[in-house]
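Asks: Build the 3D model from these lines:
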Amino acid sequence: MDNAYDGLRQYTIGDLEMLLTDRDFWEQNPLPITKQRIVSQIKNPRADRHDLALQVAYEDGRVVGYRGILPDNVFIDNVRVKVGCLSSVWVHPERRRKGISTLLRREAFKAYDGMVYTSEFSPNAKKSADKSGFYTALDPMKVHHFYMQISTRERVPKKVATLRTLVGLFSTLDFFGNLAVNARKSLFRRFNKLDDRLQFEYINEIDRETGQLIESHQGNELVRRGPREIDWITRYPWVLQAPFGDI
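Replies: Sure, this is the predicted structure:
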């Protein structure tokens with residue numbers, strides 16, 4: 001380990017609840033977790049108090065790395081299996097390539113008896129995961145994107161940074177493009193009489209009818225998010241806008 005750390009603290013869901021009132025913990029810099037994420041972890045309907053949720057590596061009393069873990073379930077042949085989802089990881093730039101990330105990952109695998117998954121890698125994280133030999137990659141699903149409005153002003157500069165100076169041009173293209181898109185949608189609704197048949201209802205939580213619809217179409221899903229999980233996601237988001245002092 002090349003003396004990469006001098007201490008590893010691992011926090012369960014039960015431990016996180018006590019951290020909310022631990023002043024010393026919130027004086028650390030950087031913070032390995034936010035208060036809103038702790039609350040969300042505590043309210044996770046799939047989490048038990050003994051489930052590992054956070055790992056923090058220290059060197060000389062300072063945080064040099066951390067990893068967040070989301071207790072979850074997957075369904076294999078209709079059998080529910082407890083797993084951990086690796087949700088975040090950070091290592092101090094000066095301590096990278098010293099084995100800290102590998103240590104955190106290895107201890108997470110131990111805590112969940114090897115039943116750990118992760119997804120949506122950044123390019124660097126994917127290289128690290130492939131090199132580690134810890135994972136078996138599943139075949140990627142085919143994804144189709146459908147857009148109701150043209151938004152080159154938002155999307156193109158994010159993909160090609162050199163085109164950010166052309167935001168005004170993209171805004172103009174969006175305006176005229178969406179005139180045609182809206183006209184086409186209006187004609188489609190009129191000829192198919194959709195306005196007379198479509199009804200929209202906004203709900204604050206998953207009701208019985210919606211829950212039954214979700215559960216009737218999730219038989220082949222790996223994680224099977226149901227009404228409890230969806231309500232938890234909407235009520236206790238991990239990322240919120242707040243003044244820095246409230247984080």
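
Asks: Below-threshold pLDDT in the chain: ranges please.
Replies: Low-confidence segments of the chain, defined by pLDDT under 70: 1-6, 195-198, 241-247.

Asks: Give the other helices and strands that the helix ranked longest in the chain contacts.
Replies: Under DSSP state H, the helix in the chain containing the largest number of residues is helix 167-192. Applying 3 or more Cβ pairs under 8 Å, 6 or more residues apart in numbering; DSSP states H and E, one finds that helix 167-192 makes contact with helix 152-159. Heads up, the C-betas are built off the backbone N, CA and C, glycines and all.

Asks: Outside of the helix it packs on itself, which residues are in contact with it?
Replies: The contact list for helix 152-159 (Cβ atoms under 8 Å, 6 or more residues apart in numbering) reads 163, 164, 166, 167, 170, 171, 173, 174, 177.

Asks: Buried subset of those residues as a ChimeraX selection?
Replies: Below is the selection syntax for ChimeraX that covers the buried ones among those, with 16 or more other Cβ atoms under 10 Å defining burial:
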select :166,170,174
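
Asks: now the contacts of helix 152-159 in CSV, with distance to residue 204?
Replies: Formatted as CSV, the contacts of helix 152-159 follow (distance: Cβ to Cβ, whole Å):
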residue, distance to residue 204
163, 40
164, 38
166, 41
167, 36
170, 36
171, 34
173, 37
174, 32
177, 35
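
Asks: re earlier: buried set for the longest helix of the chain?
Replies: Under 16+ other Cβ under 10 Å, the buried positions of helix 167-192 are 170, 174.

Asks: What's the first helix or strand after it?
Replies: Using DSSP states H and E, the helix or strand that follows helix 167-192 towards the C-terminus is helix 208-216.
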